[in-house]
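Student: Sequence first, predicted coordinates after that:
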Amino acid sequence: GEGNRSPAFAVWAHRDIGRADSGEGLLQRIQIVKGWVGDDGSFHQAVFDVAGDAENGAGVDDQTCEPVGPGADQLCAVWRDPGFDPGRSAVYYARIVENPSCRWSTHQCLALPEAERPDGCSDPRISKTVQERAWTSPIWVEPSS
């Protein structure tokens with residue numbers, strides 16, 4: 001019946017307009033994250049890319065913080081869970097991933113003359129870049145009775 005159909009999720013995201021002047025904030029992809037408890041009693045998770053492209057070739061020059069490569073001002077999709085089980089509870093949320101950008105500390109380091117930069121600016125354990133994310137509230141799907 002109708003209660004056995006996989007729910008449809010419509011997702012739409014727009015880049016952060018506040019970051020447009022710097023060239024940062026372009027969107028790379030939208031993902032749907034699904035969680036459920038399996039027959040073994042443990043929590044399982046699956047991540048589905050539903051819009052955009054994780055391999056879009058975007059990056060950032062960590063010496064100048066200039067973004068490189070393509071990205072999207074906005075992304076949208078309608079997605080249905082290919083493994084939907086109407087007899088099992090599940091939780092879903094959307095996660096929006098931006099193209100890589102410089103970490104806040106990299107911006108600060110580059111603003112200093114090279115001779116005045118603290119050791120942390122060249123510490124290989126501190127990543128120079130990040131991929132900012134946003135996510136939605138969860139949507140819970142309960143078994144049909």
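Tutor: Received, thanks. Residues are numbered from 1 along each chain as shown.
Student: what are the phi and psi angles of Ala115?
Tutor: Note on Ala115: backbone dihedrals following degrees, to the nearest 10 are phi -70, psi -20.
Student: for this structure, what spans make up the helices?
Tutor: Assigned helices in the chain, in chain order: 104-111 (criterion: DSSP state H).
Student: List the contacts of the most centrally placed residue in the chain.
Tutor: Nearest to the geometric centre of the chain sits Val97, at 2.5 Å (Cα atoms, centre = their mean). Contacts here follow Cβ atoms under 8 Å, 6 or more residues apart in numbering; on that basis Val97 touches 27-31, 52, 54, 131-133. Every residue, glycine included, has its C-beta placed from N, CA and C.
Student: Next: Phe43.
Tutor: 35-37.
Student: 10 Å - rerun?
Tutor: Listed by Cβ atoms under 10 Å, 6 or more residues apart in numbering, the contact partners of Phe43 are 35-37, 91.
Student: do Leu112 as well
Tutor: Taking Cβ under 10 Å, 6+ apart, one finds 118, 121 in contact with Leu112.
Student: okay, it: pLDDT?
Tutor: With respect to pLDDT, Leu112 scores 95.
Student: Likewise for Ser144?
Tutor: For Ser144, pLDDT reads 73.
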